[in-house]
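[1] Build me a structure from this.
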Amino acid sequence: MRRYLVGGAVRDRLLGRPVVDHDHVVVGATREHMLAQGFRPVGKDFPVFLHPGNGEEYALARTERKTGRGYHGFAFHADPDVTLEEDLARRDLTINAIAEDEHGVLVDPFHGRRDLEQRVLRHVSPAFVEDPVRLLRVARFAARFAPLGFRVAEETMALMRDMVAGGEVDHLVPERVWAETRRALAEAQPSAFLRVLRDAGALAVLFPEVDALYGVPQRPEYHPEIDTGVHLELVLDMAARIAPGDDLVGFGALCHDLGKACTPADVLPSHVGHEHAGVAPLRALATRLKVPAEHAALAELVCREHLNAHRALELKPATVLRLLAKLDALRRPQRLESFLACCEADRRGRLGSAEASYPQAEFLRAARDAAAAVASAEFVARGLAGPAIGEAMDRARVAAIAAVPRPVTH
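    Residues are numbered from 1 along each chain as shown. Predicted structure coming up:
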């Protein structure tokens, strides 16, 4: 029995990145052999086991054969005769098909180390087309490694286009699409995820509400980038900069301007009411992908209210309180923080505005704290009861917000 470190652990070490997960392939062993050594099986039929000491994954070397459409259409064959090279051949990208033995010697039959050096995301074999999830994974890896200069190989992009044209992507289940999207939104450059999917033709299939934003013009005095799709890419990358690794903020940023695709052509490049028009496509997207409730709720708040956040310094105190109430900010200050991160990303996600200040965020935080400091005990002590307490508290909160200093902007 021979054990090899494989996949992301080898790749990330070669790139000088932190290694998070250690996955291993075992060659020349059986399920019974692994169980006898104390390894714990993952599931009944899949040949993956957890190390009895450190919990790391050890998988029997295996091959796979396409048996149907979509992600589940595969039969696996794990046998002591399966070689390491055969196991590596079934992997998606060459940079993920490098193994390392117990002595630190690399096994690299598909030249993954060369592609790491040349910053290329390249498929291992033509079998890449058999699994539609791989298209999403390539786009996600692009989002992770774009800051390092990685690009998708032309021949790999051609295969991905063939997958879309052949309808393979149509068989992706919502849970897998969301799982890969969620991870991509937490990467360093999520815009690359959209660009790769769009270049492959998959964005229109999987995210038609997002794809529809490309080519839609905006007023250049507010958006020098003009194209709404380009603006969205800038916003996503700014959200990743403001809230690194936060896919909740990433999803809010992704959906904040969906309504601009609904603007009638005769009123472009103005988008009056886009914040309300975006709710329907947002709900359609969230429902189709089975997005978690908090992600969908925050995204809808960002969609509806981001313009009010931008205007916060001009809003009346009572309007500010209503905005905070819609966000449930008095009880859930973290939701306010997520909302503000999305709004700041929208403001700074424009050509020439990356370093712009966003004083609205500090004002809304201060307004929230002032309103939250108003307690009911004072009004109960005055003898108020029932709805009168709530009405008195609202008046006191409005007064408290009115006393919050507002930054002067130019």
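[2] Leu60 touches Gly28, doesn't it?
    No: using CB atoms under 8 Å, Leu60 makes no contact with Gly28, being 9.3 Å away. Where C-beta positions appear, they are placed from N, C-alpha and C, glycine not excepted.
[3] lowest-pLDDT helix or strand in this structure?
    strand 74-78 (a mean of 70; mean pLDDT, DSSP states H and E).
[4] if we can go back for a sec, okay, Leu60 and Gly28: which has more neighbours?
    Leu60 (25 against 16; other CB atoms under 10 Å).
[5] same for the one helix or strand Ala361 maps to, what does it pack against?
    Per DSSP states H and E: Ala361 is located in helix 359-372. Helices and strands touching helix 359-372, as assessed by 3 or more CB pairs under 8 Å, 6 or more residues apart in numbering; DSSP states H and E, comprise helix 293-310, helix 317-326, helix 333-348, helix 387-402.
[6] if you compare these, which one is most tucked away?
    Of all the helices and strands packed on helix 359-372, helix 333-348 has the most neighbours on average by mean count of other CB atoms under 10 Å, namely a mean of 22.
[7] low pLDDT regions in the stretch 201-350 of the chain?
    Nowhere does the stretch 201-350 of the chain drop to pLDDT under 70.
[8] Find residues that contact each of Leu60 and Gly28.
    With contacts defined as CB atoms under 8 Å, 6 or more residues apart in numbering, no residue is shared by Leu60 and Gly28.
[9] any idea how far Gln189 lies from Arg395?
    Distance of Gln189 to Arg395, computed by CB to CB, to the nearest Å: 47 Å.
[10] Kindly report the same for Glu275.
    29 Å.
[11] Contact partners for the residue most central in space within the chain?
    The centroid of the chain falls nearest to Leu185 when counting by CA atoms, centre = their mean (1.8 Å). Neighbour list for Leu185: Phe193, Leu236, Ala240, Asp247, Gly250, Phe251, Leu254 [criterion: CB under 8 Å, 6+ apart].
[12] how about TSV for the residues you listed, with neighbour count and secondary structure added?
    As requested, these are exported to TSV (neighbours: other CB atoms under 10 Å; DSSP: H, G, I helix; E, B strand; the rest coil):
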residue	neighbour count	secondary structure
Phe193	29	helix
Leu236	28	helix
Ala240	25	helix
Asp247	21	helix
Gly250	30	helix
Phe251	31	helix
Leu254	29	helix
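[13] and of these, the nearest to Gly167?
    Phe193 (21.6 Å; CB to CB).
[14] surely that closest one meets Glu187?
    Yes: under the criterion of CB under 8 Å, Phe193 makes contact with Glu187 at 7.2 Å.
[15] Now the common contact residues for the two.
    Joint contacts of Phe193 and Glu187 (CB under 8 Å, 6+ apart) are Arg140, Ala143.
[16] do you know which of the helices and strands packed on helix 359-372 lies nearest Leu35?
    So among those, helix 293-310 is nearest, using CB to CB, at 39.6 Å.
[17] what helices or strands is that closest one leaning on?
    Checking 3+ CB pairs under 8 Å, 6+ apart, helix 293-310 ends up next to helix 247-255, helix 274-277, helix 279-288, helix 317-326, helix 333-348, helix 359-372.
[18] Where do the domain boundaries of the protein fall?
    By the record's domain assignment, the chain is partitioned as 1-116, 119-206, 217-367 (automatic domain parsing).
[19] which one of those lies closest to Gly386?
    Closest among those, once you apply CB to CB, is domain 217-367, at 19.3 Å.
[20] May I have the distance across that closest one, first residue to last?
    Its first and final residues considered, domain 217-367 spans 35 Å by CA to CA, to the nearest Å.
[21] so where's the stretch 51-200 of the chain uncertain?
    65-75.
[22] now the strands: where do they sit in it?
    In the stretch 51-200 of the chain, strands defined by DSSP state E, counting those that start in this stretch lie at 57-60, 62-66, 74-78, 99-100, 106-107, 120-121, 151-152, listed in chain order.
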